[in-house]
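Trainee: Got a predicted structure plus its sequence, pasted below:
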Amino acid sequence: MNALHIKKGASSHSAYDLRNPLGDQRETHTLCVLVDNEAGVLARVIGLFSGRGYNIESLTVAETDHLGHRSRITIVTTGTPAVIEQIKAQLSRLVPVHQVNDLTVEGPAVSRELALIKVAGTGERRVEAMRLAEVFRAKVVDTTLESFVFELTGAPTKVDAFIELMRPLGVVEVARTGVAAIARGGFAPD
Amino acid sequence: MTRHMTGAQIVIQALKDQGVDTIFGYPGGAVLPIYDELFQQNDIRHILVRHEQAATHAAEGYARSTGKPGCVIVTSGPGATNAVTGLTDALMDSIPMVVLSGQVPTFMIGNDAFQEADTVGITRPCTKHNWLVKDTADLATTIHQAFHVATHGRPGPVLVDIPKDVQFATAAYLPPEKARVSHYQPKTKADPEAILAAVEAIERAERPVFYTGGGIVNSGTAACAALRDLVGATGFPITSTLMGLGAYPASGEAWIGMLGMHGSYEANWAMHDCDVMICLGARFDDRITGRTDAFSPHSYRIHVDIDPSSINKNIHVHVPIVADVGSAIEDILALWRERGARTNAGPVQKWWKQIALWREKDCFGFRRSDQVIKPQYALQRLEALTKGHDRYITTEVGQHQMWAAQYLGFEEPNRWMTSGGLGTMGYGFPASIGVQIAHPESLVINVAGEASWLMNMQEMGTATQFRLPVKQFILNNERLGMVRQWQELLHGERYSASWSESLPDFVKLAESFGWKGIRCDSPADLDAAIREMIEHPGPVLFDCLVEKHENCFPMIPSGKAHNEMLLGEDATQGAIGAAGAVLV
Ligand SMILES: Cc1cc2nc3c(=O)[nH]c(=O)nc-3n(C[C@H](O)[C@H](O)[C@H](O)COP(=O)(O)OP(=O)(O)OC[C@H]3O[C@@H](n4cnc5c(N)ncnc54)[C@H](O)[C@@H]3O)c2cc1C
Ligand SMILES: Cc1ncc(C[n+]2csc(CCOP(=O)(O)OP(=O)(O)O)c2C)c(N)n1
């Protein structure tokens, strides 16, 4: 029951969660937290992370069920397997939290992020920026003679790669939404 | 038929419907409407404390000694901020408590209004949950929810912040049975496979130990009874944390004493050497584990806890069981009996022989004196002279607290109130007030250090006003003893700020509040003085002048393993390494 910590649902690699619960390698996990959409709920979640010294790589929140007053918080966090388990247990015991799903172990999932990237430059750099944007399928949502604002949606790694490529071409400002994620397939996780 | 009431009336009605008979509090502008309603009824008794911190500790004492939630009312701003220590204390020790705080009117929130504080913001991390009620129509439901959350699952403190205009406005009252209870319904029944794994481990254990904690007391008297059955039937040794004392009787055959930093030699060695550890409602606190990588290296560990976040937090366990501990013990007992009630009797007997050898160390022995009162001796005498009484003990925090845990025996749960997790000096006196309110006929004794006791000494007035015959048994070493001990062991005997200077004359202080004051400085007079304290019908301040530089042993120094425990006579110089000195 220890090493073979059997989890509900298949992970992306195997039917079981085969991670060593005592391992000290850090992992990145995407957690999806369904909460009552009430005052202070985000402060509770963030306060839990800061108070207990957990990492937040990305956090997004919005109401997803207006009638049911539910919001969905997507958190990307890092930690050893034991810390990740502790984060999930700590989140689950917050009173307004209904459900916590670990999209990283519970099965295949898609993660997406939207970024707006402002690039200023003229001449060859401007042409190159446009060319790269096409490769990444970024949209131009604003332009002047010296600048573009690109809109890019994709996995966070793709957004990272795009921004890195753009940097020498004159990145002035970046806005990112943080990650929204959802399990693949036709069912909602329980 | 729905009844319309003002918010203030709703508060009182909701409290009554929740079975509240006592509320500890202190008035102020933002709660005047509620105080006005309190004045006009007789079902709920209001205890006026002298400081809001004391209201929260009194409520904790009330709660821990009755099993019911404690209830507190404070005003906005400073009233609420004064309650923060008690909220945190109750959170750490899993004490059910409902605090109602007044708030400035909704239309003034955020304007830095007079006595405004962001109470829900400040108390968010020190409550299990809290609410700001902005509409009188939500007030009844919120209060019912507050009681539900405080008492279900792992108990804890909650706070309801009520703006003054919400107290004046009217709305329909919703009784508890009609109120929408929260989805908050923690799991209390164990998974059968986990119970089976636990039973199999019990059957094959050769060197088992029950490691029990405050969760058993939280669960209630039924859980304590089930525990006694299980321990009696298996014959396995049992130890407990500071918070669980009394769940299993100290006079019980299988009792091997408290474990942990200042626990018994035999309990800590049993934890270190056991092959099966059955942890019931305890949370592997750092006072218990010492160095985690050296903690109980060979054991197969079973852990029952109602809070999944307590499991695998500090120590990895092999059989996690998320359940109410009372229900889980009953399930374990039933299945174990069904399978023939087997234990590995031979090896277990051998294990008991080993424990007897450890016991021979007599780890609580101390050098006696007929010149000065040794604090340990004072507690031995207190124990001997109060044993048969209907007795409740509270403590402050420090050496005296540990000695109380070592030298007093608890036969029943809910008889021992102490601040374990937060270690709040100033807890014990107000807690004794809360206990005495709940048990007016009982003997309630606060075992105190003089420094801790001074932290909430203003409560003398409360005891006088409400005719509470609380006994304050102060082991006066004129030192911040526990701090001084650490400085002796860790900081080269540089006693930085650990002297209790300018102490009052406790006897005169007692008399000034209409109490009885007793001073005792000689072992020969101690028995008579303790008797005098017990027999006095009113509150007593007992100034027991004890040995000033006594250290509390055994002690597992910070950063050391269980088997590196220090005993009284051992050389203590250099016992704690530099790494240990960083720990608290
Ligand atoms: C100066 C000082 C020295 C100390 N030294 C020691 C020492 O030597 N030894 C010692 O033991 N302590 C000591 N303590 C206390 C220590 O800090 C901890 O407070 C204590 O060990 C925790 O006890 P516990 O594990 O029983 O947990 P508690 O804090 O009582 O927690 C109870 C656990 O049970 C669970 N629970 C609650 N209700 C239920 C239920 N119905 N069913 C199942 N589970 C439930 C909770 O989720 C929680 O995990 C000391 C404190 C101070 C201030
Ligand atoms: C509110 C608070 N402040 C500081 C501490 C740190 N502390 C722990 S024990 C102790 C000394 C307690 O002295 P006393 O009450 O006289 O008890 P003794 O140890 O001498 O028995 C101190 C200062 C604490 N636990 N609580």
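Mentor: Nice, I can see it. Ligands and ions are numbered 1, 2, ... in the order given.
Trainee: SS state for residue A:172?
Mentor: Reducing the assignment at residue A:172 to three states with DSSP: H, G, I helix; E, B strand; the rest coil gives strand.
Trainee: Count the neighbours of the residue in the stretch 451-584 of chain B that ligand 1 sits nearest to for me.
Mentor: Closest approach between the stretch 451-584 of chain B and ligand 1, counting by CB to the nearest ligand atom: residue B:482, at 5.9 Å. (C-beta placed from N, C-alpha, C; glycine too.) The tally of other residues near residue B:482 (other CB atoms under 10 Å in any protein chain shown) stands at 23.
Trainee: The helix or strand containing residue A:42 close to chain B?
Mentor: Assessed by DSSP states H and E, residue A:42 sits inside helix A:41-51. Yes. Residues of helix A:41-51 are located near chain B by CB under 8 Å from any CB of the partner chain, namely A:43-44, A:47, A:51.
Trainee: Now do the domain split for chain B, please.
Mentor: Chain B breaks down into these domains under automatic domain parsing: B:4-178, B:192-359, B:375-545.
Trainee: Quick one: end-to-end length of the second one, please.
Mentor: It stands for domain B:192-359. Across its full length, domain B:192-359 reaches 37 Å end to end, with CA to CA, to the nearest Å as the criterion.
Trainee: Equivalent analysis for stretch B:541-550, please.
Mentor: Across stretch B:541-550, the straight-line distance between its terminal residues is 22 Å, by CA to CA.
Trainee: do it and ligand 2 meet at all?
Mentor: No. For stretch B:541-550 and ligand 2, the contact criterion (CB under 6 Å from any ligand atom) is not met; the two come no nearer than 8.7 Å.
Trainee: what comes up buried for that stretch?
Mentor: Along stretch B:541-550, these residues count as buried under the neighbour rule (16 or more other CB atoms under 10 Å in any protein chain shown): B:541-547, B:550.
Trainee: I'd like to know the beta-bridge partner residues of residue B:447.
Mentor: For residue B:447, the beta-bridge partners are residue B:395, residue B:473 (DSSP bridges).
Trainee: quick one: it from ligand 1, how far?
Mentor: Separation of residue B:447 from ligand 1 (CB to the nearest ligand atom, to the nearest Å): 13 Å.
Trainee: Kindly tell me how buried that residue is, as a neighbour count.
Mentor: 30.
Trainee: what residues are up against the single nearest residue of the stretch 451-584 of chain B relative to ligand 2?
Mentor: When scored by CB to the nearest ligand atom, the stretch 451-584 of chain B has residue B:481 as its residue closest to ligand 2, at 2.4 Å. With CB atoms under 8 Å, 6 or more residues apart in numbering or on different chains as the criterion, the residues that contact residue B:481 are B:398-400, B:449, B:451, B:550, B:552.
Trainee: ok, 6 Å please
Mentor: When contacts are counted by CB atoms under 6 Å, 6 or more residues apart in numbering or on different chains, residue B:481 is found next to B:398-399.
Trainee: again, but for residue B:326
Mentor: Remark: with contacts taken as CB under 6 Å, 6+ apart, residue B:326 is in contact with B:219, B:222-223, B:226.
Trainee: Can you classify it as helix, strand or coil?
Mentor: The three-state assignment at residue B:326 reads helix, by three-state DSSP.
Trainee: what's the pLDDT at it?
Mentor: Looking at residue B:326, its pLDDT reads 98.
Trainee: Report the separation between it and ligand 2.
Mentor: According to CB to the nearest ligand atom, residue B:326 and ligand 2 sit 32 Å apart.
Trainee: do residue B:157 as well
Mentor: For residue B:157, the distance to ligand 2 (CB to the nearest ligand atom) stands at 18 Å.
Trainee: in chain A, which spans are helices?
Mentor: Along chain A, the segments classed as helices by DSSP state H run A:41-51, A:81-92, A:124-136, A:156-166.
Trainee: Highest mean neighbour count out of the ones you listed?
Mentor: The densest packing among the helices of chain A, expressed as mean neighbour count by mean count of other CB atoms under 10 Å in any protein chain shown, is seen in helix A:81-92 with a mean of 20.
Trainee: wait, does that one contact chain B?
Mentor: Yes. Counting by CB under 6 Å from any CB of the partner chain, chain B has neighbours in helix A:81-92: A:86, A:89-90.
Trainee: now that helix, how far from the chain's geometric center?
Mentor: Here the centre of mass of C-alpha atoms in helix A:81-92, compared against the chain's by CA atoms, centre = their mean, to the nearest Å, lies 17 Å away.
Trainee: In chain B, where is pLDDT below threshold?
Mentor: B:1, B:569-581, B:584 (pLDDT under 70).
Trainee: in stretch B:466-486, what counts as buried?
Mentor: Neighbour-count burial for stretch B:466-486, counted by 16+ other CB under 10 Å, picks out B:466, B:468-477, B:479-486.
Trainee: Mark which of those are part of helices, please.
Mentor: Counting by DSSP H, these place B:481-486 in helices.
Trainee: For the residue of chain A found nearest chain B, which non-adjacent residue is closest in space?
Mentor: Using CB to the nearest CB, the point where chain A gets nearest to chain B is residue A:89, with a distance of 3.7 Å. Setting aside the residues directly before and after it, residue A:89 is nearest to residue B:309 in space (CB to CB, 6 or more residues apart in numbering or on different chains), at 3.7 Å.
Trainee: now the domains of chain B as JSON lines including distance to residue A:138?
Mentor: JSON lines is the format used below for the domains of chain B (distance: least, CB to CB, whole Å):
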{"stretch": "domain B:4-178", "distance to residue A:138": "40"}
{"stretch": "domain B:192-359", "distance to residue A:138": "42"}
{"stretch": "domain B:375-545", "distance to residue A:138": "52"}
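Trainee: Now residue B:8. Nearest residue, chain neighbours left out?
Mentor: Closest residue in space to residue B:8, ignoring its immediate chain neighbours: residue B:33 at 3.8 Å, by CB to CB, 6+ apart.
Trainee: coming back round to it: how far away is the residue of chain A closest to chain B from residue B:310?
Mentor: As for residue A:89, its distance to residue B:310 is 8 Å (criterion: CB to CB, to the nearest Å).
Trainee: now swap in residue A:122 and tell me
Mentor: 61 Å.
Trainee: And residue B:469, by the same measure?
Mentor: According to CB to CB, residue B:469 stands 38 Å off from residue B:310.
Trainee: Same check on residue B:204?
Mentor: Here the criterion is CB to CB. By it, residue B:204 lies 26 Å from residue B:310.
Trainee: hmm, stretch B:150-160 touching ligand 1?
Mentor: Yes. In this structure, stretch B:150-160 sits against ligand 1 according to CB under 6 Å from any ligand atom; the contacting residues are residue B:154.
Trainee: returning to what we had before: surely the residue nearest to residue A:89 forms part of a helix?
Mentor: Yes. For residue B:309, which was evaluated using three-state DSSP, the result is membership in a helix.
Trainee: list the contacts for it?
Mentor: Under the criterion of CB under 6 Å, 6+ apart, the contact partners of residue B:309 comprise A:89-90, A:93.
Trainee: Going by proximity to chain A, name the top residue of chain B.
Mentor: Counting by CB to the nearest CB, chain B gets nearest chain A through residue B:309, at 3.7 Å.
Trainee: Against residue A:86, how distant is that residue?
Mentor: Distance of residue B:309 to residue A:86, given as CB to CB: 7 Å.
Trainee: do the same with residue B:193
Mentor: If you measure residue B:193 against residue A:86 using CB to CB, the figure is 23 Å.
Trainee: which non-adjacent residue is nearest the spatially most central residue of chain B?
Mentor: Ranked by distance to the mean C-alpha position of chain B (CA atoms, centre = their mean), the top residue is residue B:418 at 4.0 Å. For residue B:418, the nearest residue in space outside its immediate sequence neighbours is residue B:395; the separation is 4.6 Å by CB to CB, 6+ apart.
Trainee: what sits against residue A:184?
Mentor: For residue A:184, the contacting residues are residue A:108, by CB under 6 Å, 6+ apart.
Trainee: what sits opposite residue B:545 in the beta ladder?
Mentor: When assigned by DSSP bridges, residue B:545 has beta-bridge partners residue B:476.
Trainee: what about it, distance to residue B:534?
Mentor: Relative to residue B:534, residue B:545 is positioned 19 Å away (criterion: CB to CB).
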